[in-house]
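*Asks:* pasting the sequence and the predicted model now:
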Amino acid sequence: MEIIIKGRGVVRGEASGSALVSKEPICFVGGINTKTGVLTEKGHELYGQCAAGKVLVFPTGKGSTGGAYVLFEAVSNGVGPCAIINCDIEQVTAVGCIISEIPALDRLERNPIETIKTGDLIKVNATKGFIKVIQN
C-alpha cells in the first residue's frame with residue numbers, strides 16, 4: 001500500500017530509504033556514534049540500531065545545541081540519516097539538517113509515528129512538502 005502525506009518542508013531536498021521510527025525524542029550529543037551511525041543513548045528504544053542511510057522518524061529532538069554538529073559529523077562520515085521526519089522539528093535538529101543538507105519535514109497531515117513503521121520504504125520530497133510511504 002502506498003500513502004502520500006503532505007507536510008511542511010523544513011530543509012529542501014529529496015531522498016529515499018528505509019524508515020527507522022522512534023516514539024521517543026532523539027538527542028544527537030551522546031546519542032549517535034558519528035563513525036558508525038549506531039544510536040548509542042542508553043535506554044532509548046533505538047539503542048544499538050543504525051541510522052546510516054535511513055529516513056529517521058521521531059517526534060522531535062532534545063538536548064544540547066552541539067547536536068547539530070554531531071549530526072553534521074555523522075553525515076560527513078557517510079553514516080548519517082538520508083532524511084529526517086519529525087512531528088515538530090526543533091532548532092537543533094533543523095540546524096543539523098541545514099548544515100548537513102539532510103531533507104527534513106515536519107507537521108505532517110498524519111502523525112508519522114503512528115503511520116510509518118520501521119522498515120517501510122519512504123520517498124521524501126521536502127522541496128514540495130510531501131512523503132510517499134510504501135508499507136511492508
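*Replies:* Now that the structure is in, tell me what you want to look at.
*Asks:* so after the longest strand along the chain, what's the next helix or strand?
*Replies:* Longest strand of the chain, by residue count under DSSP state E: strand 14-21. Beyond strand 14-21 in the direction of the C-terminus, DSSP states H and E gives the next helix or strand as strand 55-58.
*Asks:* partners of that following strand in the sheet?
*Replies:* Strand pairing for strand 55-58, using DSSP bridges, gives strand 14-21 (parallel), strand 83-86 (parallel).
*Asks:* which other helices and strands contact the next helix or strand after it?
*Replies:* Per DSSP H and E, the first helix or strand lying C-terminal to strand 55-58 is helix 67-76. Applying 3 or more Cβ pairs under 8 Å, 6 or more residues apart in numbering; DSSP states H and E, we find helix 67-76 packed against helix 91-100. Placement of C-beta: from N, CA and C, glycine included.
*Asks:* now the helix or strand following the helix it packs on, how far from the chain's geometric center?
*Replies:* Sequence-wise, the next helix or strand downstream of helix 91-100 (DSSP H and E) is strand 104-106. Relative to its parent chain, strand 104-106 has a centroid offset of 8 Å by Cα atoms, centre = their mean, to the nearest Å.
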